[in-house]
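Undergrad: would you be able to build a 3D model of this:
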Amino acid sequence: MQVLLAWTVREKDIISIPKAVQENHIYENAETGGIFLSKEEINALDSEFPAPNTKVWLDIV
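TA: Below is the predicted model of the structure:
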């Protein structure tokens, strides 16, 4: 899950709100800033989860 969070927070116009109830999950989410994705990884995620062309309801991943 932290990889997806790292993928979304790299964009300035995307807001990610991860759900974290357990303290260890909160710390794991905070460590997401230290995850660096390669261009190949970003391209793979972009192709798997393409940006919508129109407004859509928010999805929970």
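
Undergrad: tell me where the chain has helices.
TA: Secondary structure of the chain (DSSP state H): helices at 2-9, 23-30, 39-48.

Undergrad: which other helices and strands does the longest one contact?
TA: Spelled out, it's helix 39-48. When contacts are defined as 3 or more CB pairs under 8 Å, 6 or more residues apart in numbering; DSSP states H and E, helix 39-48 sits against helix 2-9. Every C-beta, even on glycine, is put in place using the N, C-alpha and C of the backbone.

Undergrad: what is the helix it packs on packed up against?
TA: When contacts are defined as 3+ CB pairs under 8 Å, 6+ apart, helix 2-9 sits against helix 23-30, helix 39-48.

Undergrad: figure out which of these is closest to Trp7.
TA: Taking CB to CB as the measure, the helices and strands packed on helix 2-9 were each checked against Trp7, and helix 39-48 came out nearest at 4.9 Å.

Undergrad: now that closest one, how far from the centre of its chain.
TA: 12 Å (CA atoms, centre = their mean, to the nearest Å).

Undergrad: buried residues of that helix, list them for me.
TA: Residues of helix 39-48 classed as buried: Leu45 (neighbour count, 16 or more other CB atoms under 10 Å).

Undergrad: report the angle between it and helix 2-9.
TA: Between the direction of helix 39-48 and that of helix 2-9, the angle (axes from the mean of the first three to the mean of the last three CA atoms, to 10 degrees) works out to 80 degrees.

Undergrad: quick one: contacts of helix 39-48?
TA: With CB atoms under 8 Å, 6 or more residues apart in numbering as the test, helix 39-48 has contacts from 3-4, 7, 10, 37.

Undergrad: which of those has the weakest pLDDT?
TA: The member of the contacts of helix 39-48 with the lowest model confidence is Arg10, at 82 (criterion: pLDDT).

Undergrad: okay, now that one: neighbour count?
TA: Residues lying near Arg10 (other CB atoms under 10 Å) number 13.
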